[in-house]
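[1] sequence and computational prediction follow.
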Amino acid sequence: MTDAIELLRRDHDEARRLLSELEASPEGTGGPRRRGRQATVARVISCESTHEAIEEQYFWPAVRRRVPDGERLADEAIRQECRLKHVLGLLDGLDAADPDFELLLGQLIATCRAHHDFEESRVWPGARLALSEQELADLGAQLEQGRRFAPTRPHPNLPPDPEVQRLAGRIAGATDRIRDALAGRSGS
């Protein structure tokens, strides 16, 4: 069983890999290059949308309850996630040839990296100290279960409340998976 922080770390590593791939690939409006960048952005959107949803459902409530200064840390992380979901929403479905695509992509990369750094340096150390190995494993199982039903697209207007996320997030997740299937887009 994977503990919660290890599961979230794998998500961060995958997002970093995709962001680095985007930074290394040249901008361009030519067919294959543009489609490749757009496909990679779609994978980032799916990865981050699912990641943020399961954090809001399970991880941040645990941080609030158990980590010293958890309320403040969770509030700051959720503010960052709301900004991230806003940028993801603007990018979702935007053609790479659109003049705003590269500007928004730059915002996405900066916002995503800053958010990941905040979680890894400010939240995870306290969570590791406050939660037992068994609690982290149980939380990891909840995150993994939540992933199966979580949205694959950003829903910036969905409140970050854990109960709303669990209920409305399942509906949004099911709708996203239908949209993904119809669009030929693989989920996270």
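    Nice, thanks for sending it over.
[2] got a list of what residue 85 touches?
    By C-beta atoms under 8 Å, 6 or more residues apart in numbering, the residues touching residue 85 are 49, 52, 154, 155, 156. No exception for glycine: its C-beta is placed from N, CA and C like everyone else's.
[3] mind checking what secondary structure it has?
    Reduced to three states with DSSP: H, G, I helix; E, B strand; the rest coil, the structure at residue 85 is helix.
[4] in the contacts of residue 85, which residue is surrounded by the most others?
    Within those, most neighbours by other C-beta atoms under 10 Å means residue 52, with 28 neighbours.
[5] excluding chain neighbours, what is closest to that one?
    Among residues not flanking residue 52 along the chain, residue 81 sits closest, at 4.7 Å (C-beta to C-beta, 6 or more residues apart in numbering).
[6] any idea how far that neighbour is from residue 129?
    23 Å (C-beta to C-beta, to the nearest Å).
[7] picking that back up, and which of the contacts of residue 85 is nearest to residue 3?
    residue 52 (19.1 Å; C-beta to C-beta).
[8] what about that closest one, which SS state?
    helix.
[9] so residue 5 is in contact with residue 124, correct?
    Yes. Using C-beta atoms under 8 Å, residue 5 makes contact with residue 124 at a distance of 5.2 Å.
[10] so between the two, which is more surrounded?
    Neighbour count, other C-beta under 10 Å: between residue 5 and residue 124, residue 5 has more, with 21 against 18.
[11] ok, that one - contacts?
    124, 127, 128, 136, 140.
[12] can you point out the buried residues in the helix or strand containing it?
    Residue 5 belongs to helix 4-24 when assigned by DSSP states H and E. Of the residues in helix 4-24, 4, 5, 7, 8, 9, 11, 12, 14, 15, 18, 19, 22 count as buried by neighbour count, 16 or more other C-beta atoms under 10 Å.
[13] from residue 22, how far off is the first one?
    Right, residue 4. Noted for residue 4: a distance of 27 Å to residue 22, by C-beta to C-beta.
[14] likewise the second one?
    Taking C-beta to C-beta as the measure, residue 5 and residue 22 are separated by 26 Å.
[15] so residue 63 touches residue 127, yeah?
    Yes. Contact criterion C-beta under 8 Å: residue 63 and residue 127 qualify, at 6.1 Å.
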